[in-house]
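Visitor: Would you be able to build a 3D model of this:
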Amino acid sequence: MTTTDDTTASAAPAASPAAPPAGWWRRNASWLAGTAVLGALALWLPYRDALRQYRLLNPSIAVAANKHDWTAFAGARWKLVAAESVPARDPRLRGPLRKDAEVVLLRYEVIPDSGTKTVDLDGCRGAIVDAQGRRWDTGGAALPRLSGPRLPETCGSGYDDAFKQVLAVPGRPFAFQHAFVLPRGQRLEDLRARIEMKRSETVGGRYLEFAL
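Guide: Residues are numbered from 1 along each chain as shown. Prediction:
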């Protein structure tokens, strides 16, 4: 009697499993890359604009001025002509000044380049800083009235002794003066003077620095 051996029967080959579909990340790789780029731009552009605006208001890149010659900056040539300390009892002070303070006078000359506008020069601001990073700005309520030759306090226009308006002219030196109230006993050689052009796109966050 013949029997069939099931264990020897050949089984039909099983079908190969289908390749799994591509994952979501792979299928959307291009879209994700574009989104990442747009997201980076959305973060960078406001930061760049904020940084530019901050530099316009707070110049942070020093341009060292030549102590004995003219230095080109912001569409003009600049020179520090004189730096002087005026103590509290000096007869040129026509108003009260604290005994622990002194006035520092800086006299500059500027020669505008052809095409430089007076209004742009008048955007200048003066400052003095020391080695510790302390800063003093021009004028202020603590500054007493000063006698002597009248000089403009801005860098492009002002009034003379006869109260006649004077303007900076391209190619000609224009004299102006900045005055500061500092703590008494400052050594001029330890200080640095600054000419800043705030809100000026042309200077790119730079300022002009003079050794006194």
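
Visitor: Look up which helix or strand the residue nearest the centre of the chain falls in, please.
Guide: In the chain, the residue lying closest to the centroid (CA atoms, centre = their mean) is residue 59, at 1.4 Å. Assigned by DSSP states H and E, residue 59 falls within no helix or strand.

Visitor: gap between it and residue 198?
Guide: Between residue 59 and residue 198 the computed distance is 7 Å (CB to CB, to the nearest Å). Any C-beta I mention is one placed from the backbone N, CA and C, and that applies to glycine too.

Visitor: what do you get for residue 102?
Guide: Using CB to CB, residue 102 is found at 26 Å from residue 198.

Visitor: Between the two, which has more neighbouring residues?
Guide: residue 102 (20 against 14; other CB atoms under 10 Å).

Visitor: quick one, what contacts the residue nearest to the centre of the chain?
Guide: 196, 197, 198, 203, 205, 206, 207 (CB atoms under 8 Å, 6 or more residues apart in numbering).

Visitor: if you set the cut-off to 10 Å instead, what comes out?
Guide: Taking CB atoms under 10 Å, 6 or more residues apart in numbering, we find residue 59 in contact with 125, 127, 194-198, 200, 203-208.

Visitor: Show me how the chain divides into domains.
Guide: 28-56, 58-211 (automatic domain parsing).

Visitor: From the contacts of residue 59, which land in helices?
Guide: Counting by DSSP state H, the contacts of residue 59 place none of their members in helices.

Visitor: Among those, name the buried ones.
Guide: For the contacts of residue 59, a neighbour count by 16 or more other CB atoms under 10 Å gives the buried set as 125, 127, 194, 195, 196, 197, 200, 203, 205, 206, 207, 208.

Visitor: ok, what's across the strand from the first one?
Guide: In this structure, residue 125 has the following beta-bridge partners (DSSP bridges): residue 196.

Visitor: how far away is it from residue 187?
Guide: Look at residue 125 and residue 187: by CB to CB, they are 24 Å apart.

Visitor: With the second one instead?
Guide: The span separating residue 127 from residue 187 equals 18 Å under the rule CB to CB.

Visitor: Then the fourth one?
Guide: From residue 195 across to residue 187, the span is 21 Å (CB to CB).

Visitor: quick one: the strands in this structure?
Guide: Ranges of strands in the chain, per DSSP state E, are 61-64, 71-73, 76-86, 101-112, 124-129, 135-137, 157-159, 165-167, 174-183, 192-197, 206-211.

Visitor: Work out the gap between the second one and the centre of the chain.
Guide: Relative to the mean C-alpha coordinate of its chain, strand 71-73 is positioned 16 Å out (CA atoms, centre = their mean, to the nearest Å).

Visitor: what does that strand rub up against?
Guide: Here strand 71-73 has contacts from 63-66, 77-80, 110-111, 113, 124, 195, 197, 202-203, 206-210, using CB under 10 Å, 6+ apart.

Visitor: What strands flank it, and is each parallel or antiparallel?
Guide: With DSSP bridges as the test, strand 71-73 is paired with strand 76-86 (antiparallel).
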